[in-house]
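[1] Build me a structure from this.
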Amino acid sequence: MTYTIAEIAKAIGADVLGDGAIRVSNVCDPVNAGPDDIALAMDPKYAELISQGRARAAILWPGADYKSYGLAAALVAPRPRYAMATLSALVDKGQRFAEGVHPSAVVDPTAQLGVGVSIGPLSVIAPHAVIGAGSVIGPQCYIGFGTRIGANAYLREGVKIGADVVIGDRFIAQPGATVGADGFSFVTKEVSAVEVARDSLGKDDISARGQSWARIHSLAGVIIGDNVELGAHCCVDRGSVKPTQIGNGVKTDNLSQIGHNVVIGNDCLICAQVGIAGSAVIGNNVVLGGQTGVSDNITIGDNVITGGATKVLSNVPSGRIMLGYPAMKMDSHIETYKALRRLPRLMQTVAEMKKVVFKTDQNT
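    Presented below is the predicted three-dimensional model:
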């Protein structure tokens, strides 16, 4: 599939410079771009790389002189990275899964498949599952009993979705994602060492306490809204007595963990290796940086952003930017860290002052 520069400009909302009739089929970095590629050089720092490739057209920064780089055409977008979202969708060839239901797939007779659904090799669709029109279920996927998936879903290889899950339209799951595993919920007959440690903040002795764990079963499912994407090997646990919920437009990165009974609002971004413990509530438009940990049974307000490796142990009001362990306002954490780095110099100064003071005392 090829597109003219003019067609791409219309799709991404960019201005055309030069020959809009040039056709391209792919996107590439400036050095490796060929005549049929559009080179990405959206910042002046890439300027010297353009001439090293063979592209005839490029996406450039505002004010760039495309002719000086030997280009026949260019696109200039007000927000180039946002334009990339549409451009990459245009040229993405996908995984090229075959259409239709593969002979090796197992589809229960009671399952309902919408118009144009494709099911890949060795996939299993359980009884009473419903899959919306235009959805693609890749190879070796599993869709559980009674689970409902909306229209135009796209499940990559090895996605596993358990029973009684409800998912909206345009759902994307990257390879190995799991939805609807049982929650990590265990309890001891007597008060456990973990409870003692938590209540006493580590002050009480726990050496004599046994740790025989009884499993609390997960009786509820998972509810996921529209336009949600789960990263590779992301895990979303089912609820214990009420469903785990993920709002519209939520995007999770690889290896993220969403515990049982968690509620996540709309348009949140959950980066790699984030762990959200059971029954936490996350507001709308929250961004959790990589390796953020969220403790159980706490609330994070709307529009909160956490930096990488932040550990959130208590409620966070809306609009806060958090960092550190334990999480605190980012500017406060940075000042604290600066003070910590100054400690060795401060200790040296104190030691020198002590020497002066003691020497003065000996002389009086």
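[2] Got the domain ranges for the protein?
    Following automatic domain parsing, one finds the domains of the chain at 3-91, 101-176.
[3] ok, and which of these has the densest surroundings?
    Per-stretch averages of neighbours, counted by mean count of other CB atoms under 10 Å, single out domain 101-176 among the domains of the chain, with a mean of 20. No exception for glycine: its C-beta is placed from N, CA and C like everyone else's.
[4] Mean pLDDT lowest where, among the domains of the chain?
    Comparing mean pLDDT across the domains of the chain, the lowest value falls on domain 3-91: a mean of 94.
[5] what about Trp83, which SS state?
    For residue 83 the amino acid is Ala, not Trp. Going by DSSP: H, G, I helix; E, B strand; the rest coil, the secondary structure assigned to Ala83 is helix.
[6] So it is in contact with Ile59, correct?
    Yes - using CB atoms under 8 Å, Ala83 makes contact with Ile59 at a distance of 7.0 Å.
[7] Are there residues contacting both of these two? Which ones?
    Taking CB atoms under 8 Å, 6 or more residues apart in numbering as the contact criterion, the common neighbours of Ala83 and Ile59 are 14, 75, 77.
[8] which residues in the stretch 201-350 of the chain form helices?
    Under the criterion DSSP state H, counting those that start in this stretch, helices of the stretch 201-350 of the chain are mapped to 330-363.
[9] still on that earlier bit, and the domains of the chain: which comes nearest Asp296?
    Smallest distance to Asp296 across the domains of the chain (CB to CB): 21.4 Å, for domain 101-176.
[10] What's the end-to-end length of the closest one?
    Distances were taken as CA to CA, to the nearest Å; on that basis the terminal residues of domain 101-176 are 21 Å apart.
[11] same deal with stretch 28-39?
    End-to-end distance of stretch 28-39: 5 Å, with CA to CA as the criterion.
[12] Do a quick rundown of the helices in the stretch 51-200 of the chain.
    Read by DSSP H, counting those that start in this stretch, the stretch 51-200 of the chain holds these helices, from start to end of the chain: 80-91, 193-200.
[13] In the shortest one, which residues are buried?
    Looking back up the chat, that one is helix 193-200. Within helix 193-200, the residues that qualify as buried are Ala193, counting by 16 or more other CB atoms under 10 Å.
[14] what's the spacing between it and its chain's center?
    The chain centroid and the centroid of helix 193-200 are separated by 32 Å, computed with CA atoms, centre = their mean, to the nearest Å.
[15] The longest one now?
    Between the centre of helix 80-91 and the centre of its host chain there is 19 Å, according to CA atoms, centre = their mean.
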